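Participant: Just to be clear, the model below is a prediction. Sequence and coordinates:
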Amino acid sequence: MNKVEHIGIAVKELATSVPLFEKLLDTRCYKTELVDSEMVNTAFFQQGETKIELLEGTNSESIIAKYIEKKGEGIHHIAFAVNDIEAEMKRLLAAGFVLLNDRPKTGADNKLVCFLHPKNTNGVLIELCMEKPADKRGEIQ
Ligand code: ZN
């Protein structure tokens, strides 16, 4: 695993949280993206080597909406960059971690992603993410 690629923060409303984080970080949100398959709207900030990803559920069935209902707004996951997501998934499975998806799936920001079950990681939801190869961009996994 490489650097922390981004930290995901669950928010109720991007409309209020984007200006809040722009003020906090003194930088502009450089991108918003709807991840329809996950029912999530995302907004990204670049802060040095790391990004902040704000996540807003698009409806009450969204994982993010359910998370906020249970735990309130706050840090939702930590994402690590990996060079080879399939190899890293295999390594973690062999080491006894539980993967929430058995194949890499398409996340926001042209990434292939996989999540680890937080029950084996001290309650922290961990995301692996790998830059999508250029020829796979726009493809649904
Ligand atoms: Zn993420």
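Facilitator: That came through fine.
Participant: For L34, pull up the helix or strand it's in.
Facilitator: strand 31-35 (DSSP states H and E).
Participant: Tell me the buried residues in that strand?
Facilitator: V35 (16 or more other Cβ atoms under 10 Å). Yep, even glycine has a C-beta here, placed from its N, CA and C like the rest.
Participant: Pull the residues that contact that strand.
Facilitator: By Cβ atoms under 8 Å, 6 or more residues apart in numbering, the residues outside strand 31-35 that reach it are 14, 18, 40-44, 58, 107-109.
Participant: Which two among those are spaced furthest apart?
Facilitator: Comparing every pair within those by Cβ to Cβ identifies V18 and G107 as the most remote, at 19.2 Å.
Participant: Those two - which one has more neighbours?
Facilitator: The residue with more neighbours, out of V18 and G107, is G107; 25 against 19, by other Cβ atoms under 10 Å.
Participant: What's opposite the closest residue to the more buried one other than its chain neighbours in the beta bridge?
Facilitator: Of all residues not flanking G107 in the chain, V113 sits nearest, at 3.7 Å (Cβ to Cβ, 6 or more residues apart in numbering). Beta-bridge pairing for V113 (DSSP bridges): K105, C129.
Participant: other SSEs contacting the lowest-mean-pLDDT helix or strand in the chain?
Facilitator: Least confident helix or strand of the chain, by mean pLDDT, DSSP states H and E, is strand 105-107 with a mean of 89. When contacts are defined as 3 or more Cβ pairs under 8 Å, 6 or more residues apart in numbering; DSSP states H and E, strand 105-107 packs onto strand 111-116.
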